[in-house]
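1. from the sequence below, what's the structure:
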Amino acid sequence: MPWPRVGGLRTLELGVPGPLRKRLTDLVVHGHKRATAGLLAEYAVDREEVERVGERLVLVGNDDESLALVEVTRVDVVPFGQVRWEFADSEDEGFADVDDWRASHRWFWERHTVGPVREHTGDPNWSLTSETDVVCVWFRVVHGFETLAIHAGQEPDPTTGAVVPPIYATSTYAQDGIGGLRAGYEYSRTANPTRTALEECLASLEDGARGLAFASGMAAEDTLLRTVLSPGDHVVIPDDAYGGTYRLVSNVVERWGVSWTPAHVSDPESVRSALRPETKVVWVETPTNPLLGVADIATLAGMAHDTAALLVVDNTFATPYLQQPLSLGADVVVHSTTKYCGGHSDVVGGALVVSDNGLGDELAYHQNAIGAVAGPFDAWLVLRGLRTLGVRMDRHCDNAERVVALLQAHRRVTEVFYPGLPGHRGHEVAAKQMRRFGGMVSFRVDGGEAAAVEVCNRARLFTLGESLGGVESLIEHPGRMTHASATGSPLEVPADLVRLSVGIESVDDLLSDLGQALSA
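-> Numbers count the residues shown, from 1 in each chain. The predicted structure follows:
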């Protein structure tokens, strides 16, 4: 049985009862500098619980005065000698006995243990031993999304104080003797400080254990599939997957002896029927590209794990600001950071974020072996984009909602695809797992393919172009552009479909442009 951990930033959710959770959260936030049995008595559910606990301490980690908000993730009672301390700013520390701990952390001992408890109990001779039962509170620091986007992985430069991480345009690093690496850096294909900053930020935003940055979204997908698949394995993909994903699976991965089945990921039973004993990956986009279907991530995670498969979620459309798949049970999150994460249509990149460090190590090995890594300038551009992701996504969503209203009312539009519509098949699931509904909108036009193409050609402020997620608005015909590779396959999209990436321009200008593009 592993030693318990106290004060861990990444801990396991074990379902602390609601009332106790609230009280213990208050305890850690407001009382961590006076973590004594007296505070437990103040915040415990009832007097009987206080009496049962008796003289046990509440231990909540080191004296971290910067704590603004923490989330309690577990509460347990163990002998003090079995406690292992885990501080955010140091390596894990284990102590053979209480004397070892006291000698190493005398300041902590005097300030947080002996004095407060002797005062509370009225016993001047009270002493802590390795056998003393203690109440351990597991918690993690919680910051708001925008705070993490600006600060995670981006501490001011220790030499100059620069608040923006530098671009480390270097391929190699000086070593202090053979094997004497500085901060682990030896060659920039393996690791680069600018890329590290981006990877740490992405992992934080997705609430993951590890992030990896790649030269493109497809490079990330390729590395992932090569890492987790072997000949004879099987993959489930969406029946309206991104054309590049379909091309990779059907024209590249299949040649290795990997089979695949398309499924309607908005329908859990469709996914269930596609699963096989040899299924190793269930690949999900939610919302999907380009029909904006919504998958129930938690439900599909359960299905995948029941068959020992990984659930992979392409979170490009939603971004971590609107949706965090790992917290819903997914194993891997995929991003084309070219899109919303970068946000300015000036960089190509991709990313993987995982919930398991072991899988992260395997992916990092393959990333280094295959070599499709993000360059330092590309990593810096994506990191720059992440800093404004929250405010940009709010404007994308605001504008998209206005565009949807116009399209719904227009006589030439036969169908609108947007998860925010109450009539959308996946609206309830989207409302449950997303903060808002995103900036992507698709619609069908009366008159078939020719009419859809004409709408794309008539648009002026909406730029005709592939890609998405930039500050500027884009319009495209998926059947002839992004999804041309799926023509004639089960993933072929409707010929009369138009896809919009709604930007952050003045919304009245966007509405005017769409109105004239739709006019016959």
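2. so Ala203 makes contact with Thr196?
-> No: when contacts are counted by Cβ atoms under 8 Å, Ala203 is not listed as touching Thr196 (10.6 Å). Using the backbone N, CA and C atoms, a C-beta is placed for each residue, glycine as well.
3. and the two? which has more neighbours close in?
-> Ala203 (26 against 19; other Cβ atoms under 10 Å).
4. OK, contacts around the residue nearest to that one when sequence neighbours are not counted?
-> Leaving aside its sequence neighbours, Ala203 sits nearest to Gly211 (Cβ to Cβ, 6 or more residues apart in numbering; 3.6 Å). For Gly211, the contact set (Cβ atoms under 8 Å, 6 or more residues apart in numbering) comprises 198-203, 351-354.
5. report the buried members of these.
-> 198-203, 351-354 (16 or more other Cβ atoms under 10 Å).
6. which SSE is immediately downstream of whichever strand or helix holds Ala452?
-> Ala452 is located in helix 448-458, with elements delineated by DSSP states H and E. Heading C-terminal from helix 448-458, the first helix or strand you meet, by DSSP H and E, is strand 463-464.
7. adding distance to Leu292 and secondary structure, write the buried ones among the contacts of Gly211 out as CSV.
-> Shown next, in CSV, are the buried ones among the contacts of Gly211 (distance: Cβ to Cβ, whole Å; DSSP: H, G, I helix; E, B strand; the rest coil):
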residue, distance to Leu292, secondary structure
Leu198, 28, helix
Glu199, 29, helix
Glu200, 31, helix
Cys201, 27, helix
Leu202, 24, helix
Ala203, 27, helix
Ala351, 22, strand
Leu352, 23, strand
Val353, 22, strand
Val354, 26, strand
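8. which among the residues you listed gets closest to Thr316?
-> Ala351 (9.6 Å; Cβ to Cβ).
9. pairing partners for that closest one in the sheet, please.
-> Ala213, His335 (DSSP bridges).
10. so how far is Lys339 from it?
-> 11 Å (Cβ to Cβ, to the nearest Å).
11. overlap in contacts, those two.
-> Gly217.
12. what separates the longest helix seen in the chain from the chain centre, distance-wise?
-> Determined from DSSP state H, the single longest helix within the chain is helix 389-409. Its chain's C-alpha centre and that of helix 389-409 lie 22 Å apart, by Cα atoms, centre = their mean, to the nearest Å.
13. what is the mean pLDDT for it?
-> Mean pLDDT, helix 389-409: 98.
14. so which bits of it are buried?
-> 389-390, 392-397, 399-401, 403-404, 406-407.
15. nearest spatial neighbour of Glu146, skipping sequence neighbours?
-> Spatial nearest neighbour of Glu146, chain neighbours left out: Gly390 (4.5 Å); criterion: Cβ to Cβ, 6+ apart.
16. list the contacts of that neighbour.
-> With Cβ under 8 Å, 6+ apart, Gly390 has these contacts: 145-146, 149, 321.
17. give me the neighbour count for the nearest residue to Gly342 once chain neighbours are set aside.
-> Excluding the flanking residues, the one nearest Gly342 by Cβ to Cβ, 6+ apart is Gly385, at 4.3 Å. By other Cβ under 10 Å, 26 other residues sit near Gly385.
18. touching the helix or strand containing Gly385 from outside, list them.
-> Assigned by DSSP H and E, Gly385 belongs to helix 376-386. Helix 376-386 has contacts (Cβ under 8 Å, 6+ apart) with 149, 153-154, 164-165, 167-170, 188, 192, 194-195, 197-198, 201-202, 205, 213, 215, 337, 340-344, 346-349, 351, 374.
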